[in-house]
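Enquirer: Sequence first, predicted coordinates after that:
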Amino acid sequence: MSALTSVLVVRLSSLGDVLFAVPAVQHLQRSGRAGHVAWLVEDRAAGLLRELVPLDELLVFPRGRRSAWPAHIAALRRRRDDVVLDLQCNLKSRLQRIFLRAPRKLGYARPIAREGGERGLTESFSPSPHCRHRVDCHLAALSMLGVEPPSEAPRPELKIPRETRARARTLLARAPGSGPVVVLHPGTSAFGQLKRWDPARFAALGSALASSHEARLIVTGGPGEQALVAGVLASLGRRALAVPPEGLTMLAALLAESDLLVASDSLPLHLANALGTPVVGLYGPKDPAITGPRFDRSEVLTAGVACSPCTLRRCSDRLCMRRLEVDDVGAACARLLAEPRA
């Protein structure tokens, strides 16, 4: 099978979902099937790829700047890729595909495709019923390009400069305590606030780990989450160190140098899991079989309530998150901290 000159991968958002697509894109690059692999992503997720993932080309849809849309559309019209591979397949990715002139437009069939995202494809793909996690589905979708998926999903290869890791180690050394470095991340995206665990419970967990393991506690938050971080710190006092947002490369370095992360379904959870840092994932509305930590050294906790998982965007009684108990999360942390790091 002859090599393709250029493949354009479409995965616009969100940050965690973009990260889930990285193993498939890197496997495609390593396969030699395509001479050039480009990625089309939204502006708010572009930093993840620009900072951490080596790519041949990055196209950015300026979603937040409507004045730039005409130039973006013109750039799409000028492209002459052999194949467009849509790993999102919803309305907004379909609207991007309309302006692309590739002879082959590949993507998912329903039900993975939503909002009519399968329309306009020249070929569609339905993963095996046993293939549920998004990382595995994306790898399986490469079969449309004649690329054999790997027997086991590979962790994404992320680039973190050595000097950034050294800065992260210096920062972590300031955390009080003498035990393992445990990162508590109470936030999610603003869109995903339904998935948050109570900050007071994060604080109670931190206190328990400081007592039982002499844990060095780090509290992280994204842009706009200062109040959330401050609430956890107010309960922990001097037993924790807050790390202000300083870009995704520094966040990745901090996670790579830590011994454990506790978080809800969010980018830091999946980034730490990709880097090989042990993680405890707290899940309620979302299905961890689809969007949970994909790689080893991870534990996922759910409350097992009848209404979880769900497709709600708002809920007046987040029973699925309220019933996640501090003692259960602490026990999962203890199990992972007892395992030797590779």
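Expert: Done, it's in. Numbers count the residues shown, from 1 in each chain.

Enquirer: elements contacting the longest helix along the chain?
Expert: Criterion DSSP state H: the longest helix present in the chain is helix 15-31. Counting contacts by 3 or more CB pairs under 8 Å, 6 or more residues apart in numbering; DSSP states H and E, helix 15-31 packs against strand 7-10, strand 37-42, helix 43-52, helix 134-141, helix 267-275, helix 288-291. Any C-beta I mention is one placed from the backbone N, CA and C, and that applies to glycine too.

Enquirer: quick one: which of the ones you listed is nearest Arg165?
Expert: helix 267-275 (10.8 Å; CB to CB).

Enquirer: And the closest one, what does it pack against?
Expert: Helix 267-275 packs on helix 15-31, strand 181-185, helix 248-256, strand 260-264, strand 279-282, going by 3+ CB pairs under 8 Å, 6+ apart.

Enquirer: And those: which comes nearest Arg341?
Expert: The nearest among the helices and strands packed on helix 267-275, by CB to CB, is strand 260-264 at 9.9 Å.

Enquirer: Note down every partner strand of that closest one and its orientation.
Expert: strand 181-185 (parallel), strand 279-282 (parallel) (DSSP bridges).

Enquirer: Relative to the whole chain's centre, how far out is the longest one?
Expert: Just to be clear, that refers to strand 181-185. 17 Å (CA atoms, centre = their mean, to the nearest Å).

Enquirer: now the angle from the longest helix of the chain to helix 267-275?
Expert: 30 degrees (axes from the mean of the first three to the mean of the last three CA atoms, to 10 degrees).

Enquirer: can you give me the helices for the stretch 51-200 of the chain?
Expert: 69-78, 91-97, 134-141, 162-172, 199-213 (DSSP state H, counting those that start in this stretch).

Enquirer: In JSON lines: those, plus mean pLDDT and mean neighbour count.
Expert: Formatted as JSON lines, those follow (pLDDT from 0 to 100; neighbours: other CB atoms under 10 Å):
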{"stretch": "helix 69-78", "mean pLDDT": "98", "mean neighbour count": "13"}
{"stretch": "helix 91-97", "mean pLDDT": "98", "mean neighbour count": "18"}
{"stretch": "helix 134-141", "mean pLDDT": "98", "mean neighbour count": "23"}
{"stretch": "helix 162-172", "mean pLDDT": "96", "mean neighbour count": "15"}
{"stretch": "helix 199-213", "mean pLDDT": "97", "mean neighbour count": "20"}
